[in-house]
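> Sequence first, predicted coordinates after that:
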Amino acid sequence: MPPVEITYFPVSENFKSLSSSFHEPLSQMRNVPGLKSYVGHETEDPSVLFWVNDWASKGANEAFLNHPEYPALAAATRPSFAAQPTRNYVNFDDTKALRAPITEFVTCTLKEGKTMAELELLLQELHQKLGGTPGFYGDSWAVVTGKPNVYHGILGWETVEAHWVAVGEGPLKEVIDRVKELADLWLVHAALKSFSG
């Protein structure tokens, strides 16, 4: 499975005033082989920007990191950061949720004394019960690379409200309540736009 690189960070004042932005570095990345990029602000806190790189293969990511122009391109993005970015690599089976009008990002960090096998069974049950939910575009779940106690999910929705209506009661809420007994959840949404060539 190819890696998905999920990066998010609070944007700097320069970014907010448009004296610095991601547009120039991202436009330079449009033609990077094996890359689909998505960018969007978190809906809960618009000062946080998500930058998601969906790599066709691990080799495509490594070739980009080893390209002679990579250091200059990385340096061009730094003025946009108000703080050190958070970055996770996840090998999702499917990335269609990134193309939905709203993408839900969720992590499940295992609580002490619980097992990943227990959590995986509940996430599989959640995946099955989400099928056919109004306004739902699909989901994918995988363990975060280098963090063996953290599952990451991406879920696509028509709107943020469609997500909250779907999980407000009934079988989905019941499964999520059981997930919360096993893991600490972090959850936000973003409206991503494709920045690929």
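Received, thanks.

> Counting residues, name the longest strand you see in this protein.
strand 147-157 (DSSP state E).

> If you count neighbours, what's buried in that one?
149-157 (16 or more other Cβ atoms under 10 Å). Every residue, glycine included, has its C-beta placed from N, CA and C.

> repeat for stretch 170-182
172, 175-176, 179, 182.

> picking that back up, could you dump the buried residues of strand 147-157 to JSON lines with pLDDT and distance to Asp139?
Converted to JSON lines, the buried residues of strand 147-157 look like this (pLDDT from 0 to 100; distance: Cβ to Cβ, whole Å):
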{"residue": "Asn149", "pLDDT": "97", "distance to Asp139": "20"}
{"residue": "Val150", "pLDDT": "98", "distance to Asp139": "16"}
{"residue": "Tyr151", "pLDDT": "98", "distance to Asp139": "12"}
{"residue": "His152", "pLDDT": "98", "distance to Asp139": "11"}
{"residue": "Gly153", "pLDDT": "98", "distance to Asp139": "6"}
{"residue": "Ile154", "pLDDT": "98", "distance to Asp139": "7"}
{"residue": "Leu155", "pLDDT": "98", "distance to Asp139": "4"}
{"residue": "Gly156", "pLDDT": "98", "distance to Asp139": "7"}
{"residue": "Trp157", "pLDDT": "98", "distance to Asp139": "10"}
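
> three-state assignment of the residue nearest to Phe64 when sequence neighbours are not counted?
Among residues not flanking Phe64 along the chain, Val32 sits closest, at 5.6 Å (Cβ to Cβ, 6 or more residues apart in numbering). Put simply, Val32 is coil when judged by DSSP: H, G, I helix; E, B strand; the rest coil.

> What angle do strand 147-157 and the lengthiest helix in the chain make with each other?
Assignment by DSSP state H gives helix 116-130 as the longest helix of the chain. Angle, helix 116-130 to strand 147-157, by axes from the mean of the first three to the mean of the last three Cα atoms, to 10 degrees: 10 degrees.

> Name the spans of this structure whose pLDDT lies under the cut-off.
1-2, 14-23, 26, 196-197 (pLDDT under 70).

> closest to Ser140 among the buried residues of strand 147-157?
Lowest distance from Ser140 to those (Cβ to Cβ) belongs to Ile154, with 5.6 Å.

> For beta bridges, what are the partners of that closest one?
Assessed by DSSP bridges, Ile154 has beta-bridge partners Phe105, Ser140.

> In contact with it, which residues?
4, 92, 95, 97-98, 103-106, 139-140 (Cβ atoms under 8 Å, 6 or more residues apart in numbering).
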